[in-house]
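S.K.: turn this into a model:
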Amino acid sequence: MTASWQENAERELSSAREALKANLEGRSRVSARRAAGCAVKEYFRRCGVGEPINNYYHLLLSFSEYPGLPDDIRSIARHLCQRVDENYSLPDQVNLVTETELLVHYLAKQIKQLNNQK
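M.R.: Model prediction:
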């Protein structure tokens with residue numbers, strides 16, 4: 001049986017949290033992006049948005065420009081696409097794990113509403 005998008009997102013979030021505890025920030029960022037990508041991909045699928053994009057970075061870029069998003073969600077998507085600086089850090093002490101948790105929760109609610117409209 002194939003895991004649901006929620007199970008995949010939670011597994012990636014768990015991996016991101018563990019990597020952050022181990023001071024593996026790069027690995028944590030990658031896992032956070034994958035968790036967000038799982039949720040965005042499902043949201044776009046349910047909305048019937050274009051061809052599926054399998055590259056989560058490009059998927060998140062598209063999502064960050066999607067019309068009608070709340071400013072905080074758009075900001076999170078942009079943070080997930082942001083490049084690290086020469087010290088391999090994100091500016092402004094961005095916590096991608098916390099932000100990704102908010103994004104996944106938001107999209108879960110949106111997907112549930114889309115399901116209820118059918």
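S.K.: quick check: the gap between the spatially most central residue of the chain and residue 27.
M.R.: By Cα atoms, centre = their mean, the chain has its centre lying nearest to residue 36, at 1.5 Å. In this structure, residue 36 and residue 27 are 15 Å apart, going by Cβ to Cβ, to the nearest Å. For every residue, glycine as well, the C-beta is placed using N, CA and C.
S.K.: helices or strands up against the helix or strand hosting the residue nearest to the centre of the chain?
M.R.: Assessed by DSSP states H and E, residue 36 sits inside helix 25-47. If you count contacts as 3 or more Cβ pairs under 8 Å, 6 or more residues apart in numbering; DSSP states H and E, helix 25-47 packs onto helix 5-21, helix 56-64, helix 71-81, helix 96-117.
S.K.: residue ranges with poor pLDDT in the chain?
M.R.: Scanning the chain with the threshold set as pLDDT under 70 gives 1-2, 87-92, 118.
S.K.: circling back: what residues are up against the residue nearest to the centre of the chain?
M.R.: Residues near residue 36 by Cβ atoms under 8 Å, 6 or more residues apart in numbering: 9, 56, 60, 76-77, 80, 100, 103-104.
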